[in-house]
Every structure is written in structure tokens, then in C-alpha cells.
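Participant: The following block contains a protein sequence and its predicted model.
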Amino acid sequence: MSKENTSLPLEYRTEENRLKVFGFWIFLGAEIMLFATLFTVYFVLTDRTGSGPAGIDIFEMPPVLLETFLLLTSSFLIGLGVHAMRIGRVKAMIVFYILTLLLGAGFLAVEIMEFVTYVNEGATITTSAFLSSLMTLLGTHGAHVTFGLLWGIAIIVQVVKRGLNAQTANKAFIFSLYWHFLDVVWIFIFSFVYLKGVLG
Amino acid sequence: MSMEELFEPMKEPMIMGAAVSIVVGAITIVAGLTYFKKWGYFYKNWLTTVDHKKIGVMYIIVALVMLFRGGIDALLMRAQTAVPENNLLNAQHYNEIFTTHGLVMILFMAMPFIIGLMNVVVPLQIGARDVAFPRLNALSFWLFAAGAGLLNVSFIIGGSPDAGWTAYFPLAGIEFSPNVGNNYYAWALQLSGLGTLMTGINFITTIMKMRAPGLKLMKMPMFTWSALITNVIITFAFPVLTVALALMTLDRQFGTKFFAMSDGGMDMLWANLFWVWGHPEVYIVILPAFGIFSEVISTFSRKNLFGYKSMVMSMIVISLLSFMVWAHHFYTMGHGVMVNSIFSVSTMLIAVPTGVKIFNWLLTMRHGKIQFTTPMLYALAFIPIFTIGGVTGVMLAMASADYQYHNTMFLVAHFHYVLIPGTVFGVLAGYHFWWPKIFGFRLNEKLGKAAFWCIAIGFNVAFFPLFILGLDGYARRMFTYSASTGYGTLNMISFLGALGMAVGFALICYNIYYSFRHSPRDENGDPWDARSLEWATHSPVPEYNFAVVPEVNQLDEYWYAKKEGRDITAGEYERIHMPNNSGAPMWMAGVLFLFSFFFVFSVWTAVIVFGIATLGFMAFRSFEKDHGHYIEVAEIEATERQLRGDK
Amino acid sequence: MMKELFPKEHVVGFVGSLILTLAALSVITFDMSKGIAMTILSVTALAQAVVQLVLFMHIGETEDKKTLYTSVIYAVVVGLVTVFGSLLTMIWGY
């Protein structure tokens, strides 16, 4: 694990670093399957609304567009963060990471308001199979974002306290992969839950 | 729930007896460790270990214990049905027992046995010092152990799951199964499933990234190949189980409507999700056994494996097809002819790559100098018995014919004819084959062979009658039947066969004791004159596996090196980097055990406390500075001298 | 100094993802058949995923790129089989 290869970016320097990045990609493969299953459940149950509302009755596009914009931008920003890290601009990197998390928190706030609206309209997770599957899909994504916020804070603290080294750079890079992945999942939710839902 | 309800299951004398024996066993272990002052040793060398070999051994120990738990369930079922209108078990107890028998045997016996063997063998076969993520590996084991613990607690506190190992809705829903049994089901499988998923990621990374220099993918031993393919299936199939179990928990404990009978719910969706995971799971437990048989047959035929490339290709094809056949588990649920036809064809397709493998094994043995060792006997018996299982599988694959066989004993006989020669014979062959690598001496061959004959003959006596019973219309999962059906005789024969198998497993246990006392110790680490890298190092294997990582240029490099008189482990020693032990995986799994236990009973305060504690462990891990340690050259020299037996 | 913080690849990716989002939105702003709408959504979503994987996540930057692509494609194939196979089994072919 001591094999250093200085021609690579800092986060790939040690053998252990490379294993972790590789392993995380495999984990993302498993995450693709996790969300594919949730989408399966959603698609199978999407017309099974019982006596509750259908998607077209409750979906409102303005907040959803705001969520999409926040998450897309945060994904862009964390990409810049990794770039800044690679050219050794630690301060810029930290700023980009903090902005990323702030936008993530903004996304979460809008999503929570969206859920509150649904519940106020009488559309709860127990109302119908459609709503159970909708809220579980959105909730799982939201839980991932929430966990990402906690994880991101831990990473920023470590970069600030310990500076950039093979370990912290590796952690920051892996976190960025996670964050981009959540953006990809959201794109699919945006397209195949909301837009498809509004189409009726 | 009142205290009395909580311990309701204990009123059953048989469960009471089992509970008492568990408590007595636990007290014996605790007292023994205390008396011999072994707690420190036990904690430092086993409970906190991150060494893949020790983790593998712990997996196998738990698997053997679970084999006995599941085996006793099986004996009770066969005893109950041995004569018509028997009253040994009541209907409820019988339901619980066939449910836990299935769960225990598949998820807490077959899986850990296979993962245990992979842990012990795969890093050695590829010349690695450990797996890619040793800490995660320990967490995998402890999560699995926590899941196994939770399932076994269920039959003492609160009640076992009783809706079959498939837990079909609506029966498994809160409406028809209001007790906590199926909450236990969801959480026991969830915990061990997460552990398995981590194993999958860990081993893919290990095999793809940590092979010895020169060891190209197409030069890997077949067991490592089967482990790679298996872990790919694990990684992509287990997330489906994770989701299905989460939805089950939501439905049962939070009133969602996924699998409900009202408000748009769809009970069939559970069966669909369960088998989207469940069918790949079948291949997860069978492919590594194929890998073991390949190693064993090649070693004891003194020939290299016939058709290496076609072996690899057929496993890759099986891994993809295994995700495309799941609906054949519920042909009779009522979907249309088109769906049944599609899944019927894809199911029969799987017989093709499997047949290729069977012929490869036969051709490996052709003109070979076959040695009839215990592992080889299991491999030889596997081929014909498994073929019967495979052929009856193709019968079941025909959707229209399946309407006749479905849920009869014919099906039960079929999948036991696949899983016992496939998985059980496979892991037993591997267990006898690699035992000397772990402990430095061979298991006694005479006892091993006696056990083999008991198990092989007992198995056929126990399960062949079930084919006939099934064709006569005997449905599975019936706790009793009337004498007028005429099912009595064949059921009695089957019970006698089960007893024969029990004798075989008892002999396997006795063999451990006997061989510890009497077997001669191995001298050179290669008692079978075998072919792959794991035999190139000492037995027992030192902590760092190989003092010098060997270079590999071909399949069976070690075998050819032996023939040519080369020593592939010769070279300069360098200091070796190794990971540190840690107690965190065990404690974290303990906390998750409590989290799940209280979740089962909906005690939310405790759930929140233990949930936060879990996040605490993750934060601790994130901030922890753990750079491992080095084994210096002097220490390696000393260890090697001692293991070589130099004076 | 500021300019080196905004590499072209990332800016292009970001602008691209915004354009793709707008393209996806066209399915509700314009009147079109459901078939065309779903095709547009599938294409834009897939393109977005590729933008993230290639431009932002640099999936192809290491020697492992073949394995990583294989892993992602395997997951997508098995995922699609699960989605469409389940729809076939549970709804279309029921």
C-alpha cells in the first residue's frame, strides 16, 4: 500500500487510494440497481392510485424545476471543487465544496416543503400504492442527499484540519462521485416521475 | 405487547428445550473462556481480526452451527410427516419450521459457507496479502452474524416467521401475520444482506485489482473465476432484496400500500421483487460450488481443466441469464401466455451453459489418473445427482406442465436435487480440500468417506420418493395428511433417508475431533499435490500469506513449477504492510443488531438511539487515522524459519 | 487566476445539462404524442447521465476504465431488464 505513483493526481497516489476509488465505482453500480428497483416499483404502481390523487393532480412544476436547477448547479460546483483540488487551490476547493453543500441543503428544503404540501392535500404515504411508491422513491433519494450533507461536512472539516494529502484528497474525490451520482438519479426522477406524470 | 406474549413461543416444550440448550451452550463458552483466561486472546485474535483467513474460518463455523439448526428443522419436518396424522408438531410450529429451514439453509448456511471459503481461498489463489478492504470484510462478517443472531432470537422472543421462506404477500402482510415473526424476517435478512453486498464489492475489487504480477484474468484458477462472477451477481442482485425488504417493513410497520389488498396495492409485486433477487441468488450459491468442483476434479485427475475458456464463458452467460428468468417461479400466478413463454424459453437456455460445464468436467477426468479422495467423491457424486436436478428443472421450466407440478413435492425434490449436490456437496468438497491449508493437517479420510456415503445415499433415499409423491399430488408445506391418501410409505422411506444424512453430518463433526487428535501434521503445505497458488505457501498460512509474492505466467503455475523444480516463492524479503485489527466492526454490528431488534418491536426511542450510534461509528471511521503497520524483514525471516521447521 | 478554476470541460458540461433540461421540458410545453415525449425524455436523461459520468466524474481517466464502463453498463442492462421485465410480467402481459 506504500506504492506511490506521483504521476497521478493526489487522490490516486497510493494503492489504497486506487482500491477505494475502484470499489466506490462498483458500489455505484449497486446503487444503480437499488434505484432501478425503486423505479420498477414506481412504474408498476403508478396507475394504482386507489381513492387517492394521481401524479397529474399533485405535481407542481415550479418547485421541481427549482430543485433540478439547485442540484445540477451543485453537481457542477463540486466538479469545480475537484478541479481546484487537482491544481492545488485548496481554499477555492473548500469554497466550492461549501457552496455544493449549501445548494444541496436548499434542494432538501424545497423537497421537504413539497412533501408538506402533499400531506396537506391529503396525499400521504399510506393513501395509495402510487403514493407509497412515489414517496419511497423520492424519500430514498432525499435520504441519500441528507447523508451526503453529513458526509460532506465531515470531509470539509478534515480537509481544513489536515490539509490536502493522499487520504483527504481521496475522500473528497470519492464524495464528489457520490454527489454527481445523486444528480444523475434526480435527472431520472425529474424526467420519468415528474415530466411523465404531468403528461398524464 | 405484554411480557407474557413476548415469551409466548417458550410455552412450546420443544422451543423451551432449544432455548435452554442455547443458554447452557452460551454459559459453557463464557465460563470456559473465563476459566482458561482466554478472553484477551479471543478478543485480540478473533473478534477484532481483519485477517481474511480468520474471517473465513468464523464464517464457516457459523455456517456449520446453522447447518445443524436447519438440519434439526429438516429432521423434525420429516419426522412429523413420516406417518399420517402425526401430532409431533402442530400446524403453526410446522409452518415456522419450514420457513426457518429455508431461510437458515439458504441465507445462513449456504451463503456464509461459500463466502467463508472465498475468504480463505481467493486472496491466496491470486497471491494477495488480504482482501481490498479488510475492515469492511470484518463488518460484512459481523453484519451477517448479527442477522443470523436476530433470526435465531425470533423463535424465543416474539415468535418465528411462519409465512414460508419466500414470505409471499398477502399472507406475510400485517393483516394475516400480525405477530412480529415477519418483522424479524425483514430485519434479519436486511442485516445479513447488507453484509453480503459489501462482500460483493470487496471481492470484485480484490480480484480485479490485487492479483499477483503476471496473473492475467484468463490465467486465474477456476474457483477465483467463479468467485468473481458470483460477486458480480451479488453486487447487482442484493440491492433488489434490500429494497424489497424495506418495502415489506414499510408495509408491515408503517401502513404503506405496496403489497396491500386495497388502495391500489399489488401483492404479486412482492413475489416479483423477491424472485428478481431470488433467482440470481440460486446462482450465487451454485457457481462457487462449480468452481470448487473444477479445482477438485482437476487436482485429483492430475490433469488441467478441460475447456477453460468455455468454463469462463458459460459462467458469464449464466450470470446474465440468471437475471432474466425470475418469473418461472410463479407461472401459475395468472399472467398471460406470452410472458410465460418468454420466461420458459430463457429458463431452458440456462441448461445450455450448465451442460457445457458438465461435459467439461467429464472430459477433464477422461484419461486422468483419478484419486478417490473425500473431496473427489463429493465431486463425482455431484455430477449424476445434479443432472437429475437439472433435468427435472427443465421439466418444471415448461410453463404449461408446471401447472401440474407447481407447489407439489416434485418441486421440493427438484430444488433439493439441485442445491444439495450443487451447493452442499460443493462446500463439503471445499471444506475437506482446503481444511489442511487452514489447520495444517488433513481430516481423516476413512471417516470422511464414511460420512460421504451416509450423506450421498441418505440424500437419495430422502428425496427421490418426493418426486413420486409430488407426481401423486402431495402438496408441499402440508403439516399432515390422512392415511387414505397412501402417502405414508414413501414419506417413511424419506424420513429414514433423512436419518442417514444426519448420521453423515454427525460423522463430519466427529471427524474434526478425531483428526485434531490423531491426524499427522503436514510438512510442506501441499498435501494433495495440487495446482494453484494457495498450495505454494505454508500450512497454516502466515498472517502475510506469501513472504515473497510469486510471479505467475500461466494457469496452474505452481503445478508446472513443481514439475520443473522451480521455487516460485523464492526471493528477497521486503517489509510487508498489513492492516490493523479493529473492534469497531463487531461493535457496530452489535449496535445494528439492537437497532433492528427494537425496530422489530417498534420501540422507537431505542431505534433512534441506536440509529444515531450507528452514524457515530461511521463518523468515527471517517475521522480515524489508521495507516496499518509493517512486518519487518527480521520477523518475516523468523516466521518463515519456524514454519519451514528449521532448527 | 479565476479562469483556471473554471475548466472548459466542466463549463461545457454544465451548459449542456441546462440545455438538456430545457429540451426535456419541451414535452410538457409543446403538444406531442406520448411516444415522442417518452423518446425525448429517454434521450435527454441518458445524455445527462453521460455528461455527468464522462465530463464530471471522469470515469475514463484511469487504467481501470474498461472495468468501470463494464460495471456501469452491466448495472444499466440488468436494471433495464428488471424495470421492463417487471412491467411485462405485472402489467403489459398480465
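Facilitator: Perfect, I can see it now.
Participant: hey, let's count contacts and neighbours off CA atoms from now on
Facilitator: Will do.
Participant: near chain B, which residues of chain C?
Facilitator: Within chain C, the positions adjacent to chain B are C:75, C:78, C:81-82, C:85-86, C:88-90, C:93-94 by C-alpha under 8 Å from any C-alpha of the partner chain.
Participant: Just the buried ones among those, please.
Facilitator: Buried members of the residues of chain C next to chain B, counted by 16 or more other C-alpha atoms under 10 Å in any protein chain shown: C:75, C:78, C:81-82, C:85-86, C:88-90, C:93.
Participant: Of those, just say which sits nearest to A:F43.
Facilitator: Among these, C:S86 lies closest to A:F43 (C-alpha to C-alpha), at 9.2 Å.
Participant: ok so, going back, from the buried ones among the residues of chain C next to chain B, which has minimum pLDDT?
Facilitator: When those are compared by pLDDT, C:G93 scores lowest at 85.
Participant: residue contacts, it?
Facilitator: B:335-336, B:338-339 (C-alpha atoms under 8 Å, 6 or more residues apart in numbering or on different chains).
Participant: ditto for B:K44
Facilitator: By C-alpha under 8 Å, 6+ apart, the residues touching B:K44 are B:N581.
Participant: Got the phi and psi for whatever residue of the stretch 51-200 of chain B ends up closest to chain C?
Facilitator: Closest to chain C within the stretch 51-200 of chain B is B:G200: 12.7 Å, counting by C-alpha to the nearest C-alpha. With angles defined as degrees, to the nearest 10, B:G200 sits at phi -60, psi -50.
Participant: out of the residues of chain C next to chain B, who's nearest chain B?
Facilitator: Closest approach between the residues of chain C next to chain B and chain B, by C-alpha to the nearest C-alpha: C:Y94, at 4.1 Å.
Participant: and of the contacts of C:G93, the nearest to A:G29?
Facilitator: Taking C-alpha to C-alpha as the measure, A:G29 lies nearest B:V339 of the contacts of C:G93, at 28.0 Å.
Participant: Name the residue closest to the centre of chain C, please.
Facilitator: In chain C, the residue lying closest to the centroid (C-alpha atoms, centre = their mean) is C:L46, at 2.3 Å.
Participant: so which strand or helix has that one?
Facilitator: Assessed by DSSP states H and E, C:L46 sits inside helix C:34-50.
Participant: which one is the residue in chain C that chain A sits nearest to nearest to, not counting chain neighbours?
Facilitator: Distances between chain C and chain A by C-alpha to the nearest C-alpha are smallest at C:V83, namely 4.7 Å. Sequence neighbours aside, A:T40 is the residue nearest to C:V83 in space, at 4.7 Å (criterion: C-alpha to C-alpha, 6 or more residues apart in numbering or on different chains).
Participant: returning to what we had before: dump the buried ones among the residues of chain C next to chain B to a markdown table, plus secondary structure.
Facilitator: Output for those, formatted as a markdown table (DSSP: H, G, I helix; E, B strand; the rest coil):
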| residue | secondary structure |
| --- | --- |
| C:A75 | helix |
| C:V78 | helix |
| C:V81 | helix |
| C:T82 | helix |
| C:G85 | helix |
| C:S86 | helix |
| C:L88 | helix |
| C:T89 | helix |
| C:M90 | helix |
| C:G93 | coil |
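Participant: farthest pair in those?
Facilitator: The farthest-apart pair in these, when distances are taken by C-alpha to C-alpha, is C:A75 and C:G93, at 24.5 Å.
Participant: Please tell me which one of the contacts of C:G93 counts the most neighbours.
Facilitator: Neighbour counts for the contacts of C:G93 (other C-alpha atoms under 10 Å in any protein chain shown) peak at B:V339, which has 21 neighbours.
Participant: give the contact list for it.
Facilitator: Taking C-alpha under 8 Å, 6+ apart, we find B:V339 in contact with C:88-89, C:93-94.
Participant: Then B:A110?
Facilitator: B:63, B:285, B:423-424.
Participant: hmm, try it at 6 Å
Facilitator: B:A110 sits next to no residue when contact means C-alpha atoms under 6 Å, 6 or more residues apart in numbering or on different chains.
Participant: Is it in a helix, a strand, or coil?
Facilitator: Assigned with three-state DSSP, B:A110 falls in the helix class.
Participant: Repeat that for the one 10 residues further on.
Facilitator: Three states are possible here, and by three-state DSSP the one that applies to B:V120 is helix.
Participant: Ignoring the adjacent residues along the chain, who's closest to it?
Facilitator: B:V120's closest residue in space is B:K53 (C-alpha to C-alpha, 6+ apart), at 4.5 Å.
Participant: Can you mark which positions in the host helix or strand of that neighbour are buried?
Facilitator: B:K53 is located in helix B:52-82, with elements delineated by DSSP H and E. Buried residues in helix B:52-82, counting neighbours by 16+ other C-alpha under 10 Å, are found at B:52-64, B:66-71, B:73-82.
Participant: Just list what the next helix or strand after that helix packs against, helices and strands only.
Facilitator: For helix B:52-82, the succeeding helix or strand toward the C-terminus, using DSSP H and E, is helix B:91-103. Counting contacts by 3 or more C-alpha pairs under 6 Å, 6 or more residues apart in numbering or on different chains; DSSP states H and E, helix B:91-103 packs against helix B:52-82.
Participant: So which residues on chain B come close to chain A?
Facilitator: Neighbours of chain A within chain B, by C-alpha under 6 Å from any C-alpha of the partner chain: B:205, B:235-236, B:239-240, B:255-258, B:263-265.
Participant: So what's the residue count around residue 37?
Facilitator: Reading this off chain A. Neighbourhood size, A:T37 [other C-alpha under 10 Å]: 26.
Participant: I was thinking of chain C, sorry if that wasn't clear
Facilitator: By other C-alpha under 10 Å, neighbour count at C:A37 equals 20.
Participant: Spatially, which residue comes closest to it, not counting chain neighbours?
Facilitator: Distances taken as C-alpha to C-alpha, 6+ apart place C:V27 nearest to C:A37, at 5.3 Å, with adjacent residues excluded.
Participant: Between helix C:34-50 and the helix or strand hosting the one you found, find me the angle.
Facilitator: For C:V27, the host element (DSSP H and E) is helix C:8-29. Following axes from the mean of the first three to the mean of the last three C-alpha atoms, to 10 degrees, one obtains 160 degrees for the angle between helix C:8-29 and helix C:34-50.
Participant: Check which residues of helix C:8-29 are buried.
Facilitator: For helix C:8-29, a neighbour-count test (16+ other C-alpha under 10 Å) marks C:10-11, C:13-14, C:17-18, C:20-21, C:24-27 as buried.
Participant: sorry, back to before: pLDDT score assigned to the residue nearest to C:A37?
Facilitator: So, for C:V27, pLDDT stands at 92.
Participant: so it touches C:I36, yeah?
Facilitator: No - with contact defined as C-alpha atoms under 6 Å, C:V27 does not reach C:I36; the gap is 8.4 Å.
Participant: For chain C, what's the nearest residue on chain B?
Facilitator: With C-alpha to the nearest C-alpha, the shortest gap between chain B and chain C falls at B:H335, namely 4.1 Å.
Participant: B:L490 versus that residue, what's the distance?
Facilitator: The gap separating B:H335 from B:L490 is 35 Å, by C-alpha to C-alpha, to the nearest Å.
Participant: Any regions of chain A where pLDDT drops low?
Facilitator: A:1-6 (pLDDT under 70).
Participant: quick one: the spatially closest residue to B:I568 that is not a sequence neighbour and B:I438, what's the gap?
Facilitator: What sits nearest to B:I568 in space, not counting adjacent residues and going by C-alpha to C-alpha, 6+ apart, is B:P550, at 5.5 Å. Separation of B:P550 from B:I438 (C-alpha to C-alpha) stands at 20 Å.
Participant: about what we covered before: who's in contact with the helix holding C:L46?
Facilitator: Contacts of helix C:34-50 (C-alpha under 6 Å, 6+ apart): A:184, A:191, C:17, C:20, C:24, C:27.
Participant: in that helix, what's buried?
Facilitator: For helix C:34-50, a neighbour-count test (16+ other C-alpha under 10 Å) marks C:37-38, C:40-42, C:44-45, C:48-50 as buried.
Participant: chain center to it: distance?
Facilitator: In terms of C-alpha atoms, centre = their mean, to the nearest Å, the centre of helix C:34-50 is set 8 Å apart from its chain centre.
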